[in-house]
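Undergrad: Pasted the sequence and its predicted model underneath.
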Amino acid sequence: MESQAHQIVELLRQGPVTPQDALQKVGCFRLAARIHELRKAGYDIRQVMKQRNGKHFAEYQLKEE
C-alpha cells in the first residue's frame, strides 16, 4: 500500500489540493502535517489561503519539479 504522503504528492502533481480533496481522495485528515513532512523531504509546495462560502482554508500547490 502506498504511503499517504506519496498519495498526496501524486494529487499535487495533478493540480492544487485542499484539505477537503485530501480527505475525499486519500482519507487524509491532517493534510498540513503531510505537507510539512513533504517539505522536509525536499518538495517545494506553496500554500495559498482561499475563502469560499465564508470559510477560510489552505490550498497547496506543488511548484515545478
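TA: Looks like it arrived, so ask away.
Undergrad: which intervals of the protein have sub-threshold pLDDT?
TA: Counting by pLDDT under 70, the ranges of the chain that qualify are 1, 65.
Undergrad: Swap in 50 and give it another go.
TA: The chain contains no residues with pLDDT under 50.
Undergrad: All the strands of it, residue numbers only.
TA: Applying DSSP state E to the chain gives strands spanning 45-52, 55-62.
Undergrad: Could you say which of the ones you listed is packed most deeply?
TA: Highest mean neighbour count of the strands of the chain: strand 55-62, a mean of 14 (counted as mean count of other C-beta atoms under 10 Å). Any C-beta I mention is one placed from the backbone N, CA and C, and that applies to glycine too.
Undergrad: Report all helices and strands that that one contacts.
TA: Counting contacts by 3 or more C-beta pairs under 8 Å, 6 or more residues apart in numbering; DSSP states H and E, strand 55-62 packs against helix 4-14, helix 19-26, helix 31-40, strand 45-52.
Undergrad: Which among the ones you listed is found nearest to residue 59?
TA: The minimum distance between residue 59 and the helices and strands packed on strand 55-62 falls on strand 45-52, with 4.9 Å, by C-beta to C-beta.
Undergrad: and the closest one, how far from the chain's centre?
TA: Chain-centre distance of strand 45-52: 10 Å, with C-alpha atoms, centre = their mean, to the nearest Å.
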